[in-house]
Structures are given as structure tokens and as C-alpha cells.
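[1] Just to be clear, the model below is a prediction. Sequence and coordinates:
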Amino acid sequence: MKSSLLQLITRNWPIKGAALFLALMLYVAVQLQQPVTTSFDVTLNVLLPRGRALVHPAPRVRVQISGKGSQILKLRSLAGDITRRVPDTLTTPTWSIHLDPSDVELALPKGADVRVMEVRPSEITLALDSVARKEVKIVSLVSVTPDSGQVLHGGLSMTPTTVRLVGPEQRLATIDSVTTVPMEITNVSGAFSRSVPIDTGPLGIVRLSPKQVMVTGDMGRIAERSFAGIPVESGGGAITSFIVTPSRVLVSIRGPEERVQTLTRDSLRVVAHITGTSGGVARITVIAPRGITARAIPDSVTLRRRVTPPAPRRRG
């Protein structure tokens with residue numbers, strides 16, 4: 001009987017073996033098409049500003065994924081990680097992160113037919129070492145070299161004029177101001193603006209915001225005019241104690257064209273610098289509106305003491 005059973009099993013064994021193999025493969029294929037849910041660990045990569053550190057390491061993140069068994073088998077593990085950058089301007093000792101499935105989908109292989117079901121934990125609070133905050137002024141190291149026949153109207157303007165620093169309290173106490181990088185502006189006409197970085201080299205681990213400023217200015221043409229017959233005075237009014245020679249001078253002015261054209265004789269004052277009581281030669285200067293260059297021709301006058309005639313005698 002045993003012999004008959006053995007013969008029954010081994011009869012046509014290649015065909016039976018092939019059928020068994022195909023049945024097994026069919027079972028596996030069917031199982032691979034069934035939905036499967038599994039979990040993977042993903043690394044949370046936290047990018048910190050210079051000079052800051054985490055008090056405790058970032059926790060690992062557990063991700064639950066669902067998909068066909070064949071897709072899960074191909075996946076095996078998640079390549080990559082979830083990256084978050086701590087803002088440079090953060091001064092608080094904690095920073096909270098919210099994670100959702102869309103954050104993990106970026107780490108999935110391209111074309112993977114799976115779905116991220118859940119991320120645990122979804123809310124993470126990281127503890128960072130403490131820092132301080134301080135606002136200081138910005139000193140401009142920007143200069144303008146006008147082309148021939150051009151002049152800068154009203155100087156340069158800078159926006160903003162202060163910057164916020166973040167860093168160790170002891171280090172911030174030593175910083176009263178920051179500067180822009182040195183920059184020379186050339187070959188400009190009319191209104192202009194330039195974005196200029198702030199020099200961060202001396203700051204070390206101290207961070208700042210913003211990291212650049214906007215410098216603006218306005219270039220215009222230079223014009224010249226002359227006014228003749230401007231009286232020489234003392235600065236407080238007419239000179240009465242001396243005879244002034246010449247008493248009136250020529251004044252030549254130079255400056256932005258639109259301003260020069262609007263000036264009048266009354267916009268200028270010629271002042272003699274009187275140093276003694278006996279007269280002599282006195283240097284003269286011209287007081288002109290701001291931004292206007294003026295000079296007197298000649299640049300000095302002669303002062304002669306005015307003599308008061310004696311009062312006539314009375315007849316008795």
C-alpha cells in the first residue's frame with residue numbers, strides 16, 4: 001500500500017511540481033496586489049543658524065504608508081529625510097514644527113504608487129540654546145564719484161538705517177554699529193539706487209536682518225552763474241566803522257543747475273572778517289545756500305578807519 005501511495009505521488013512529478021509552483025506564484029501575485037500598511041522611520045534634519053545649537057537631538061519621525069504589497073516590497077525603506085530650517089531671526093528658546101503627509105511624500109521614490117497615511121509625531125517642539133536681540137545703526141561706506149559736469153543732489157539716502165542683531169548677549173554688548181561693504185558708485189546720471197550688502201565679517205556668529213540696504217541718490221548737471229555788485233558786510237549788517245575798498249564785489253556760484261537758476265542776489269551774503277580796530281586787509285567769504293559753492297572776486301578788501309570830523313566850536 002505504501003508503494004502504491006508513493007507511486008501515486010511520484011507519477012508525473014514534473015507536471016505536478018510545475019502546477020504546484022504556478023499555484024504558489026499565483027498566490028504570491030494575488031497577495032502582492034492586496035493593500036498593505038507598514039511604517040518606516042524618517043530622519044528629521046534641522047538646519048540651524050550659525051552659533052545656535054539644539055539642547056536635545058531632534059526626535060525620529062515614524063511614517064505610516066499604505067499601498068499594494070508589490071509597491072511596498074519595492075520601497076523597503078524611505079530614502080532621504082525631512083528638512084526644516086530654523087529662521088535666522090529666531091530669538092526664542094523653542095521652535096515648533098508641524099509635519100503632515102505632504103512633507104514625507106517628497107522623500108518617496110519617483111513613481112511610487114503608495115500613500116502616506118500618518119506622520120508621528122505631527123507636532124514637534126525643539127529646544128535651542130538662548131540668544132539675545134539688539135538693534136544698531138548702519139554706517140554707510142558708499143561713495144559717489146560724479147562724472148565731469150555732474151553733481152550729487154542732497155547726498156546719499158539709505159534704507160533702512162538700523163539693523164537687528166541676534167546672538168550671544170555678551171557678544172552683542174560689544175557691537176554699537178555695523179557698516180556696509182565699501183562701495184564706489186560711478187557712471188550714473190539722474191536718480192539711481194544700489195543694493196549694498198552689510199559687512200558681516202566682523203560679526204562672527206552674530207546674525208543680522210536685513211543683510212543689505214538700499215542706497216539712493218540723484219545726480220544732476222552743474223551750472224555756474226555770477227552776480228556783480230554784492231555789498232561787503234560784517235556778518236551783522238553794514239560796516240559803519242571802516243571805509244571798505246571795494247565796497248561791492250563779484251560773486252561766482254557753482255552747483256546743481258536747477259538750484260543755481262533759482263538763486264537771486266538776495267540768496268548770497270559777502271562777509272568781511274575784521275580782526276582789529278585799525279583796519280588793514282580783511283579776508284572775505286561768501287555765505288551761500290547749502291550745496292552751492294561760491295567765491296568772491298576779489299577775495300579780500302582793504303579797511304580804513306573812518307574818522308569822525310570834530311564838532312564845530314560855538315561862538316561866545
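    Great, that's in hand.
[2] Check for me that V42 belongs to a strand.
    Yes - secondary structure of V42 (DSSP: H, G, I helix; E, B strand; the rest coil): part of a strand.
[3] ok, and the closest non-adjacent residue to it?
    In this structure, V42 finds its nearest non-sequential neighbour in V61, 4.6 Å apart by CB to CB, 6 or more residues apart in numbering. Bear in mind the C-beta positions are built from the backbone N, C-alpha and C, glycine included.
[4] One more: G149?
    Per CB to CB, 6+ apart, closest to G149 is I222, 5.5 Å.
[5] Wasn't that neighbour part of a strand?
    Yes - counting by three-state DSSP, I222 is part of a strand.
[6] contacting residues around it?
    I222 is in contact with G149, Q150, V151, R254, G255, P256, E257, counting by CB atoms under 8 Å, 6 or more residues apart in numbering.
[7] ok, the second one - contacts?
    For Q150, the contacting residues are S189, M219, G220, R221, I222, by CB under 8 Å, 6+ apart.
[8] Buried among these? Make that a ChimeraX selection.
    Buried residues within the contacts of Q150, by 16 or more other CB atoms under 10 Å, are selected in ChimeraX with:
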select :219,220
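[9] So which of the contacts of Q150 is the closest to K137?
    M219 (26.1 Å; CB to CB).
[10] sec struct for that closest one, please.
    Using three-state DSSP, the structure places M219 in strand.
[11] do you know how far it is from T293?
    Taking CB to CB, to the nearest Å as the measure, M219 falls 16 Å from T293.
[12] cool, E169 as well?
    Noted for E169: a distance of 49 Å to T293, by CB to CB.
[13] same thing with T125?
    Separation of T125 from T293 (CB to CB): 64 Å.
[14] ok, the two, which is more surrounded?
    Ranked by neighbour count (other CB atoms under 10 Å), T125 and T293 place T293 first, with 14 against 9.
[15] Surely that one touches G255?
    Yes - using CB atoms under 8 Å, T293 is in contact with G255, at 6.1 Å.
[16] Need the distance between the two termini of stretch 120-139.
    This stretch, stretch 120-139, spans 49 Å end to end (CA to CA, to the nearest Å).
[17] Buried residues in that stretch, which are they?
    For stretch 120-139, the neighbour count (16+ other CB under 10 Å) marks I124, L126, L128, V131, K134, I138 as buried.
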